[in-house]
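> coords below, sequence missing:
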């Protein structure tokens with residue numbers, strides 16, 4: 001690598017394909033999770049689950065709507081667009097893969113493992129997550145080669 005190939009962590013986030021910040025990803029992931037679970041989600045519900053104020057949720061929902069990821073009317077139900085559904089499904093899959101990988105590591109503190117998944121998921125590329133999923137399958141099947 002050349003010296004000018006290095007960036008700050010924030011620069012790498014900006015270079016990402018999705019264009020979503022880690023915070024926006026967290027909101028979109030929780031919206032997708034709730035829609036899978038109960039079929040609907042509202043601002044107050046998200047605020048409670050993410051431990052933030054409803055006004056913060058409203059601001060993030062507006063940003064996600066501006067990105068074409070969801071439809072939202074004030075005081076209404078939040079709905080994902082097709083683009084938002086695809087992104088949300090990816091975020092849920094990514095979280096699941098990393099969670100399963102961390103569980104395989106045998107981390108004893110579940111709360112700490114969850115916190116680490118929440119932090120790590122934002123910095124791994126899709127290719128890396130696919131590789132982790134492949135590794136998980138190989139470890140479960142008892143294969144010794146990871147290639």
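That came through, no problem. Remember, it's a predicted structure, so these values are computed and weren't measured experimentally. Residues are numbered from 1 along each chain as shown.
> mind checking the end-to-end distance for stretch 68-88?
This stretch, stretch 68-88, spans 13 Å end to end (Cα to Cα, to the nearest Å).
> ok now it, how far from the chain's centre?
Relative to its parent chain, stretch 68-88 has a centroid offset of 15 Å by Cα atoms, centre = their mean, to the nearest Å.
> Ok, stretch 81-92 next?
10 Å.
> got the contact list for residue 42?
Residue 42 is in contact with 76, 77, 78, counting by Cβ atoms under 8 Å, 6 or more residues apart in numbering. The way it works is simple: take the backbone N, C-alpha and C, and place the C-beta from them, glycine included.
> For residue 15, report the pLDDT, please.
We have a pLDDT of 43 for residue 15.
> circling back: just send the contacts of residue 42 back as JSON lines, with pLDDT too.
Listed next are the contacts of residue 42 as JSON lines, based on pLDDT from 0 to 100:
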{"residue": "76", "pLDDT": "87"}
{"residue": "77", "pLDDT": "92"}
{"residue": "78", "pLDDT": "96"}
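> Please tell me which one of these counts the most neighbours.
Neighbour counts for the contacts of residue 42 (other Cβ atoms under 10 Å) peak at residue 78, which has 23 neighbours.
> Now distance to residue 125 too, for the contacts of residue 42, in JSON lines please.
Compiled in JSON lines, the contacts of residue 42 are given as follows (distance: Cβ to Cβ, whole Å):
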{"residue": "76", "distance to residue 125": "35"}
{"residue": "77", "distance to residue 125": "33"}
{"residue": "78", "distance to residue 125": "28"}
